[in-house]
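Colleague: Fold the following and give me the result.
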Amino acid sequence: MSPTTLPAGPDHGHVTFLGAGPGDPGLLTLRAVEALANADVLVAEHEVLDVVRTHARQGVAELDTELDTPIGSTHPGTGTPQLTVVDGASTTAGVPAVRDAAHLVMEAARGGRRVVRAVSGDPGLDAYAAGEMLACARAGVPFEVVPGVAAAVGVPAYAGVPLRDAQGADVRFVDARTASDRCWTEVGASDGTVVVSATLDSVAAAAGELVAAGRKPDTPLTVTIAGTTTRQRTWTATLGTIAQTFKQGKVLPSPDGGRPVIAVVGERSAPAQREQLSWFESKPLFGWRVLVPRTKEQAASLSDQLRSYGAVPHEVPTIAVEPPRTPQQMERAVKGLVTGRYEWIAFTSVNAVKAVREKFEEYGLDARAFAGIKVAAVGEQTAKALVAFGVKPDLVPSGEQSAAGLLEDWPPYDPVFDPIDRVFLPRADIATETLVAGLIELGWEVDDVTAYRTVRASPPPQETREAIKGGGFDAVLFTSSSTVRNLVGIAGKPHNVTVIACIGPATAKTAEEHGLRVDVMAPEPSVHKLAEALADFGLKRRVAAVEAGDPVARPSERRPGARRRRSTT
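Modeller: Numbers count the residues shown, from 1 in each chain. Below you'll find the predicted structure:
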C-alpha cells in the first residue's frame, strides 16, 4: 500500500503536506498527483491552487487559504462543493471560526477525511507548513510529507543559472525576509554561491547587505521573477549595479509590497554563461499570448504544442454546434448503419464523431454497431475521437489531413471486393462538396447527411474582446476562413501589432479581405504545421533582436505605452 493511500482514522482523518513546486504545473511529482487524486479535501495556498486542482478528483472540496467565505460554500456555476477560510468574526450558517491554517487543516481532516495541504515550493522549507505539521502531531492527526521542487533550486534551473560546478563550490540559501545580521555576515564571508529569496522591492537592499558583509560589489548577480512560469523574467547585473539596472529598466516598486524573486549571487550567474544556458526564456514564443479560435476540446493538442514553444494559448470558440433542424435524415442513416446499408462511414471532424455517438447513445447502441463497416477519419484528432469511442479507423490520410488527402488514399469502388457501394457521410450543414464529388468519381454512392449545424458562437468576455482589439494578444491562429469571419464578427478585428498566422492561401485571402496583414502561413494545411510556422517566425524575431542588440520584446509590448505599463509588474 502506497503512503498516499494510508487508511485515515475514523475521527482524525489523514493529512498530506504536499509541495506544489515553484509554479510550473509540470514539476508536480508522481506522488503528488497520486495524493491529489485520493484527496477528499484540498487546502491550498492561493498561488498554487490552479496548479494542483487539475489533478484532484471530481467533487473534491477545495479550500483557498486566502479567501474569506464559509466552509461548505459552492463556487457559482460549478456545482462543486468548496471549503474556504472562515475568519474569526464569521458566524455565517453557524460555522465555527477557524483562526489559522493549522486549525483549518485539522478541521478539514475531521470525520476521517483525507486532506491534501498544498504549499508552494517544498513543505520542508516552509516555516508555516512545519508549524502545521507540529499541530497535527500534537492533536494526533496522522500526516505525511510529499516533497516538491523548492523555488530556490527550481527557479535558477529555469533561469539557466547552475548553482554548482565540477569543483563543488559551497551553496548557501538565505531568506532575505527573515535573515538576521549574523546570517548576512556568515554568507558574506563565504566565496560560494548564495541563493537569496527576496521580493522585487527588497532585492537591492539584500545586495547591499552582502556588500556590507564583505562581498565584492562586482560579484555577478541574477534576479528572476515569476520563475518557472511563462511570466518569468531574469535580470543580470552585479551586487553594486542591480539598483541601477532596475532604475534603467523602469522596474518600479510594486503596489502589493513586492513580488517574490530568487536572486543568485556568484560567478555561476555571469552574463556569458546565462546566455548559453537560458533554455526556458529563449523558447521561440516565450510569454506570447496566442489566440486560438477553437474550443478547448478542439484545441487541446494544438495548445499543448504552443505551450512547448513557451506560449500561453487562449482558446476562444468561434462556432457553436447545434443539432440539425430535421433529425429524421440522421435517424434513417443510423438505422441503415445497423442494418447493413453501408460499406463505409467517413468522419470529417470531431463534431461528426460526437453527433453519431450521441445518436447511438440515444438508441442504446455502442461501438459494436460498427462491426463489418469500414471507418475513415479525416485526420489524427478525428481518429483519436473515434478511438475514445472504441472504434479504430481503417483509413486515415497518409498525407494531407483534409478531404483532398482522404480522397488520395480512398480506394475506388470494386464490385468484386465491395459487396455494398454506399458511403455514410455525417457532416456539418456548411461542409464543402469536395469529398462527395470525389467519392462519386471513385464509383461510390454517398449519403451526405447533416449530422450537426454550425452557428456563430456567442461573443467572448469583454476582457477578451478588448485584448483582441487593443493588441493584448501577440498572435492569432486562423485555421479556416470561417474562423476569420466569425472571430471578427463576435469580437472585432485583431490589433495591427498582433501577428496573424493562417493555415493556407484561402484563409489568408479571407484575412486580407477583412483588412488583416498576414505574417505567417503554414507550409501545408495542418494546424500543427501552422504552430511550427509561428514558432519559426518567433525564433527569427528573437534572433534578429539579439543580433541587433535590442531587447527581446513580444509583439504586444510594441503598443504605445505598453512597455512602460508592464515594467511596473
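
Colleague: Quickly run through the sheet partners of the strand ranked longest in the chain, with directions.
Modeller: Secondary structure of the chain per DSSP state E: the longest strand is strand 445-456. If you go by DSSP bridges, strand 445-456 pairs up with strand 319-322 (antiparallel), strand 422-428 (parallel).

Colleague: Now the element after the longest one, going C-ward?
Modeller: Scanning the chain past strand 422-428 towards its C-terminal end, the next helix or strand to appear is helix 434-441 (assignment: DSSP states H and E).

Colleague: any idea of the mean pLDDT in that next one?
Modeller: Mean per-residue pLDDT for helix 434-441: 92.

Colleague: contact partners of that helix?
Modeller: 346, 348, 403, 404, 406, 407, 410, 423, 425, 446, 448 (Cβ atoms under 8 Å, 6 or more residues apart in numbering). For every residue, glycine as well, the C-beta is placed using N, CA and C.

Colleague: just to revisit the earlier point, flag every buried residue along the helix or strand just after the longest strand of the chain.
Modeller: Remark: after strand 445-456, the chain's next helix or strand is helix 462-470, criterion DSSP H and E. Neighbour-count burial for helix 462-470, counted by 16 or more other Cβ atoms under 10 Å, picks out 464, 465, 467, 468, 470.

Colleague: Over to stretch 405-417?
Modeller: 405, 406, 407, 410, 413.

Colleague: didn't the fourth one look like it was pressed against residue 394?
Modeller: No. Counting by Cβ atoms under 8 Å, no contact exists between residue 410 and residue 394, whose distance comes to 10.9 Å.

Colleague: list the contacts for residue 48?
Modeller: 20, 21, 118, 119, 120.

Colleague: ok, and the closest non-adjacent residue to it?
Modeller: The shortest distance from residue 48 to any non-neighbouring residue, by Cβ to Cβ, 6 or more residues apart in numbering, is to residue 20 (3.9 Å).

Colleague: Same check on residue 50?
Modeller: residue 25 (8.0 Å).

Colleague: what's the burial count for that neighbour?
Modeller: 15 (other Cβ atoms under 10 Å).

Colleague: For it, grab phi and psi.
Modeller: phi -60, psi -30 (degrees, to the nearest 10).

Colleague: From residue 224, how far out is it?
Modeller: 18 Å (Cβ to Cβ, to the nearest Å).

Colleague: Bridging across strands, which residues link to the closest residue to residue 294 other than its chain neighbours?
Modeller: What sits nearest to residue 294 in space, not counting adjacent residues and going by Cβ to Cβ, 6+ apart, is residue 315, at 6.0 Å. For residue 315, the beta-bridge partners are residue 292 (DSSP bridges).

Colleague: Pretty sure residue 315 sits against residue 300.
Modeller: No. Using Cβ under 8 Å as the test, residue 315 is too far from residue 300 to be in contact (9.0 Å).

Colleague: Looking at the two, which has the bigger crowd around it?
Modeller: residue 315 (18 against 15).

Colleague: how close does that one get to residue 293?
Modeller: Between residue 315 and residue 293 the distance, using Cβ to Cβ, works out to 8 Å.

Colleague: Residue 478: what's it in contact with?
Modeller: Residue 478 touches 293, 484, 487, 500, 501, 502, 503, 507, 510, 511, counting by Cβ under 8 Å, 6+ apart.

Colleague: And residue 511, how far from residue 288?
Modeller: 19 Å.

Colleague: what's the answer for residue 536, then?
Modeller: Residue 536 is 13 Å from residue 288, by Cβ to Cβ.

Colleague: okay, those two: which has more neighbours?
Modeller: Taking neighbours as other Cβ under 10 Å, residue 536 and residue 288 compare with residue 288 leading, 24 against 14.

Colleague: Surely that one touches residue 314?
Modeller: No. Using Cβ under 8 Å, residue 288 is not in contact with residue 314, being 10.4 Å away.

Colleague: one step back: mean neighbour count, the strands paired with strand 445-456: which tops it?
Modeller: strand 422-428 (a mean of 22; mean count of other Cβ atoms under 10 Å).

Colleague: model confidence over that one, on average?
Modeller: 92.

Colleague: next one: stretch 39-56
Modeller: Averaging pLDDT residue by residue across stretch 39-56 gives 89.

Colleague: Render the CA-only coordinates of it in PDB, please.
Modeller: Extracted in PDB, the C-alpha atoms of stretch 39-56 (Å, rounded to 0.1, in the frame of the first residue of the first chain):
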ATOM      1  CA  ALA A  39      -8.000  13.600  -1.600                       C
ATOM      2  CA  ASP A  40     -11.400  14.400  -0.100                       C
ATOM      3  CA  VAL A  41     -10.400  18.000   0.800                       C
ATOM      4  CA  LEU A  42      -7.800  20.200  -0.900                       C
ATOM      5  CA  VAL A  43      -6.300  23.000   1.200                       C
ATOM      6  CA  ALA A  44      -4.100  25.200  -0.900                       C
ATOM      7  CA  GLU A  45      -2.300  28.500  -0.900                       C
ATOM      8  CA  HIS A  46      -3.900  30.800  -3.400                       C
ATOM      9  CA  GLU A  47      -0.900  31.000  -5.700                       C
ATOM     10  CA  VAL A  48      -0.800  27.200  -6.200                       C
ATOM     11  CA  LEU A  49      -4.500  26.400  -6.300                       C
ATOM     12  CA  ASP A  50      -4.600  26.300 -10.100                       C
ATOM     13  CA  VAL A  51      -1.500  24.200 -10.200                       C
ATOM     14  CA  VAL A  52      -2.900  21.400  -8.100                       C
ATOM     15  CA  ARG A  53      -6.700  21.400  -8.600                       C
ATOM     16  CA  THR A  54      -6.300  19.900 -12.100                       C
ATOM     17  CA  HIS A  55      -5.200  16.600 -10.600                       C
ATOM     18  CA  ALA A  56      -7.800  16.500  -7.800                       C
END
